[in-house]
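In: need coordinates for the following:
(one chain, ligands or ions: 2)
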Amino acid sequence: MIQVEGLTKRYARHVAVDNISFSVDKGDIVGFLGPNGAGKTTTMRILTCFMPPTEGKATVANFDVFEQPFEVKKHIGYLPEAPPVYPEMSVRDYLTFVARLKNLPSGDIRNRVEQVMERCAVADVAPKLIGKLSKGYRQRVGLAQAIIHNPDVLILDEPTSGLDPKQINETRELIKSLSGEHTIILSTHILPEVEAVCEKVIIINKGKVVATDSVENLKNRAGLGGATQVQIENTGDLDPVAVHQRLEQVAGVSKVLDRLTHGPRLVFEIENLQGQNARPDIARAIVHAGWNLIELKSSTMTLEEVFLELTGSHTAQPAPVAAGEVA
Ligand SMILES: Nc1ncnc2c1ncn2[C@@H]1O[C@H](COP(=O)(O)OP(=O)(O)O)[C@@H](O)[C@H]1O
Ligand SMILES: [Mg+2]
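Out: Ligands and ions are numbered 1, 2, ... in the order given. Next up, the predicted model:
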C-alpha cells in the first residue's frame, strides 16, 4: 500500500531523511518510531505530498507522491503533528467544510459528517466550537477529518502527543478500531504507544531506518532477544571487571552488560549470539572459575532496551531535544 525507496530529504546542508526505504502492506498498522528529530514528520509530509523529496521515490496505493499528488491525496487521510485549527468553527461545520474540500458528493456530505462524528466519538460536541474543546476531543475531530473521505491509508503524526493518560487510551483505542478499515502508519517517540497499538514497527534514527519488523520479532531478535541474566555471589575478592571479561570469552556470547557490580551480588546481562544458547557454557565457565553461581536465567529484552540498542539513544523517553536546529 505504501512503498518508499531511497527517500532523502535535505534542508540546506542538513540531511533530515537519509536514503530510507520501507513498505507497508494493506491492512497493516505500523508504528514509525524514533526520537525527536529522527525524520518522522519529514517522511510523513513527503508521503502526504506536502513537500517533495530531494531524492528517491514513494508511492501510496500505487500512485507516485510526486507525480500524482491528487490521486495520492484521495487515498490518504492525514493527521498532521500540529493539526490546523479553526477555533471559531463548530465541529459539524468544520467537518462539513473538510468534506467539501475533499470533493465528497454534496448529497452525501451530511450523512458522512454524522457518521464520522459517531465513529470518532465527537457527536456529543457537534455544535460546539473547536476552540472550546478539550485536547482529546480536538484530536478526535482531527481523526474525523482524516477519515471523512474513507481513505485507504491513514497517516497520523504523533496522534497522542499532548494528551493526558485517559485521552491517550481513548485515542489509541479509536486508532486500533480504525485499523480494520484502513492501512495505518502512525509516528511516535513513545515506545509503549507502539506496543499498545501497532503490529509492526519501523524504527528511524537520525534520518535512517535502523529496523523494520513485527513488534514480536523485534523483541525476540536474534542477538537482542534470548539474553541471559547471571547472578554471582560477590565474595569481596572478586574483580567485577575480570568476571565481565571471562563471561565475554564464553562461546556463543555476543555481549555482556553490567547490571549491578557492587553489593552482595554481581549481576550481568549476557546476550547470546544469533541462534545460540550459551547458558550451559556460561554455567560451566562460572563453576570452573570457582565463583558461586546464585542464579542463571533467561531474560528477554523489553522493546525499550531493543530500541536503545538500535538507536544508541539513552533518552528515548522523554523525548530528547531535536537535533539540527542550527541547520
Ligand atoms: N523546515 C525545516 N528546515 C530545516 N530543518 C528542518 C526542517 N524541518 C525539520 N528539520 C530538521 O530535520 C530533522 C528531522 O525533523 P522531523 O522530520 O521533524 O523529525 P521528527 O518528526 O522525527 O521529530 C530535524 O533535525 C529537524 O530539526
Ligand atoms: Mg515530528
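In: okay, CA-based contacts and neighbour counts for the rest of this
Out: OK.
In: tell me the domain boundaries of the protein?
Out: Domain assignment for the chain by automatic domain parsing gives 2-219, 227-299.
In: would you mind putting the ones you listed into a markdown table with mean pLDDT alongside?
Out: Formatted as a markdown table, the domains of the chain follow (pLDDT from 0 to 100):
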| stretch | mean pLDDT |
| --- | --- |
| domain 2-219 | 93 |
| domain 227-299 | 89 |
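In: mean neighbour count and distance to V306 for the ones you listed - can I get that in JSON lines?
Out: Below are these laid out as JSON lines (neighbours: other C-alpha atoms under 10 Å; distance: least, C-alpha to C-alpha, whole Å):
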{"stretch": "domain 2-219", "mean neighbour count": "19", "distance to V306": "7"}
{"stretch": "domain 227-299", "mean neighbour count": "17", "distance to V306": "12"}
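In: and the host helix or strand of L296, what does it pack against?
Out: Following DSSP states H and E, the helix or strand that holds L296 is strand 293-299. Judged by 3 or more C-alpha pairs under 8 Å, 6 or more residues apart in numbering; DSSP states H and E, the packing partners of strand 293-299 are strand 227-233, helix 279-288.
In: only alpha carbons, please: show the shortest one as PDB.
Out: To tie it back to what came earlier, the one meant is strand 227-233. Extracted in PDB, the C-alpha atoms of strand 227-233 (Å, rounded to 0.1, in the frame of the first residue of the first chain):
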ATOM      1  CA  ALA A 227      19.500 -12.900  26.700                       C
ATOM      2  CA  THR A 228      20.700 -14.500  29.900                       C
ATOM      3  CA  GLN A 229      20.900 -12.900  33.300                       C
ATOM      4  CA  VAL A 230      23.600 -14.200  35.700                       C
ATOM      5  CA  GLN A 231      24.000 -13.500  39.300                       C
ATOM      6  CA  ILE A 232      27.200 -14.400  41.100                       C
ATOM      7  CA  GLU A 233      28.000 -14.100  44.800                       C
END
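In: in its sheet, what does that strand sit against?
Out: Counting by DSSP bridges, the strands paired with strand 227-233 are strand 265-272 (antiparallel), strand 293-299 (antiparallel).
In: can you name the next helix or strand after it?
Out: helix 240-248.
In: packing partners of whichever helix or strand comes after that following helix?
Out: Next along the chain after helix 240-248, taking DSSP H and E as the criterion, comes strand 253-260. Helices and strands touching strand 253-260, by 3+ C-alpha pairs under 8 Å, 6+ apart, are helix 240-248, strand 265-272.
In: just the C-alphas of the last one, formatted as CSV.
Out: By that I understand strand 265-272. Output in CSV follows, covering the C-alpha atoms of strand 265-272 (Å, rounded to 0.1, in the frame of the first residue of the first chain):
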residue,chain,number,x,y,z
ARG,A,265,25.7,-10.0,44.1
LEU,A,266,27.3,-9.2,40.8
VAL,A,267,24.6,-9.2,38.1
PHE,A,268,25.3,-9.4,34.4
GLU,A,269,23.1,-9.4,31.3
ILE,A,270,24.5,-11.6,28.7
GLU,A,271,23.4,-11.5,25.0
ASN,A,272,23.7,-14.7,23.0
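In: list the contacts of it.
Out: By C-alpha atoms under 8 Å, 6 or more residues apart in numbering, the residues outside strand 265-272 that reach it are 222-234, 240, 244, 252-261, 278.
In: return the residues of the stretch 1-150 of the chain in contact with ligand 1.
Out: 11, 16, 36-42 (C-alpha under 6 Å from any ligand atom).
In: ok so, going back, tell me which of the strands paired with strand 227-233 approaches ligand 1 most closely.
Out: Nearest of these to ligand 1, taken as C-alpha to the nearest ligand atom: strand 265-272 at 29.4 Å.
In: name the nearest residue to the residue in the stretch 151-300 of the chain that ligand 1 sits nearest to, sequence neighbours excluded.
Out: Closest contact between the stretch 151-300 of the chain and ligand 1, by C-alpha to the nearest ligand atom, is at G207 (6.9 Å). Spatial nearest neighbour of G207, chain neighbours left out: V17 (4.0 Å); criterion: C-alpha to C-alpha, 6 or more residues apart in numbering.
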